[in-house]
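Chemist: just coords:
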């Protein structure tokens, strides 16, 4: 699953997006063009309302493309069928602002959900895979805890484990530390990046934490729905 | 009765019905005196009792051959009961009203189960949206909701069956009407309940299926 092709992981061309209808319609994305190369860690910055989350949810198959083109891992998302969207979603890891864990499932079972979606083959040895993943994120002692008994940072680490367990070639993270205090947030992100980069995963992450910028290969800044700057810091 | 005094010489058990409040057996002589308009040669019903052990059906068939069909109906006891039951339940107002009661009960049940399930789906919308974002297909959510629906159906059915059986016994005793809970009726209700719950479940996941995951958070 880690045999990433040499072609681009994500190519966005001429992407526009609007919210609302009729008079109240408001354009939130203006002619976005963006390419992610395999293995890159790209950080997306910008004020709230600048369109970061919208871009991320469009590329992550969580929102239908209205105008323009998004090619994700070789598949066009504009006008894609439900089946194509489902296939594409399975190849992504998406980490949300909130952990979005299932409250009635334990940490281990929540991570299991990240494997179950891939069918029977991925479910073979699911428990050892999920255990190992949670262990790497420092939750080896909390495997059978329900989310209600975990701290915010621990819950977000379970969510990260769920997104990473199937080794997706591409991960989108939308302010994964928004709900955490600064220090535990930094620790969680460092752990996440370390794990994801060790397998050559491409990452597009929205964050406000300046301390993480040093780790990025590229920093993209958005303003009012447009890409304002795109700086490559060092080659991926 | 009809201005005559009759002496009652004993009682018998026969149960009640929708047709009459009670029954009286009188001799043919008394009957003719009570209902002078009836003539002794034109009875309503003739009860034949076989004593030689032959089967009722072939005898009835033979009688049908012999007697004119336009003014005589020949029934065995079993077919007479079946015909009367079907007449009482599908032709008579009481039966039709009860039939509508079943339909209304089903509709109310579908609405209540729909409410329960769609509230549950709404409560877990974030979690379901996350699963949808991860690539779980529509049938996964349908599966979860159907499972809940079947559980609801079974949980509702068991006490329902017990209460209904109790009511049947009480009502049957109080009114003398022949009421019985049989397997056919119980399983028909169970299948109907599961179908109604499954329909409710399918309705309850519509919003989840229609929306983009990003709009559900």
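Modeler: That came through, no problem. Quantities reported herein were computed from a predicted structural model and do not represent experimental measurements.
Chemist: Phi first, then psi, for residue B:200.
Modeler: Main-chain torsions, residue B:200, degrees, to the nearest 10: phi -60, psi -40.
Chemist: Can you tell me the SS state at the spatially most central residue of chain B?
Modeler: Centroid check for chain B by C-alpha atoms, centre = their mean gives residue B:185 as the closest residue, at 6.4 Å. The three-state assignment at residue B:185 reads helix, by DSSP: H, G, I helix; E, B strand; the rest coil.
Chemist: how near is it to residue B:80?
Modeler: In this view, residue B:185 and residue B:80 are 21 Å apart by C-beta to C-beta, to the nearest Å. For the C-beta atoms, the positions are set from N, CA and C on the backbone; glycine is no exception.
Chemist: residues near the nearest residue to residue A:108 once chain neighbours are set aside, how many?
Modeler: Nearest residue to residue A:108, sequence neighbours excluded (C-beta to C-beta, 6 or more residues apart in numbering or on different chains): residue A:143, at 4.6 Å. Neighbourhood size, residue A:143 [other C-beta atoms under 10 Å in any protein chain shown]: 17.
Chemist: Residue A:110 is in contact with residue A:143, correct?
Modeler: No - between residue A:143 and residue A:110 there is no contact under C-beta atoms under 8 Å: 10.5 Å.
Chemist: on that earlier part again, my guess is the residue nearest to residue A:108 is in a strand, correct?
Modeler: No - secondary structure of residue A:143 (three-state DSSP): coil, not part of a strand.
Chemist: Near chain A, which residues of chain B? Just list them.
Modeler: Taking C-beta under 8 Å from any C-beta of the partner chain, the part of chain B that reaches chain A is made up of B:124, B:126-127, B:129-138, B:212-215, B:217.
Chemist: Now the buried members of the residues you listed.
Modeler: B:124, B:126-127, B:129-137, B:212-214 (16 or more other C-beta atoms under 10 Å in any protein chain shown).
Chemist: among those, which are in helices?
Modeler: In this view, those that belong to helices under DSSP state H are B:126, B:127, B:129, B:130, B:131, B:132, B:133, B:134.
Chemist: Distance of the fourth one relative to residue B:208?
Modeler: Distance from residue B:130 to residue B:208, counting by C-beta to C-beta: 12 Å.
Chemist: Poorly predicted segments of chain A, please.
Modeler: A:1-6, A:234-236 (pLDDT under 70).
Chemist: Spell out which parts of it neighbour chain B.
Modeler: A:57, A:60-64, A:82, A:86-90, A:92, A:94, A:96, A:98, A:100-103, A:113-114, A:117, A:162.
Chemist: quick check: domain ranges of chain B?
Modeler: Per automatic domain parsing, the domain ranges recorded for chain B read B:52-86, B:92-215.
Chemist: With mean pLDDT added, can I get these in CSV?
Modeler: Supplementary listing: the domains of chain B in CSV, determined by pLDDT from 0 to 100:
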stretch, mean pLDDT
domain B:52-86, 83
domain B:92-215, 86
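Chemist: just those domains: most buried one?
Modeler: domain B:92-215 (a mean of 15; mean count of other C-beta atoms under 10 Å in any protein chain shown).
Chemist: Any figure for the gap between the residue of chain B found nearest chain A and residue A:163?
Modeler: Of all residues in chain B, the one sitting closest to chain A is residue B:135 (3.5 Å; C-beta to the nearest C-beta). From residue B:135 across to residue A:163, the span is 12 Å (C-beta to C-beta).
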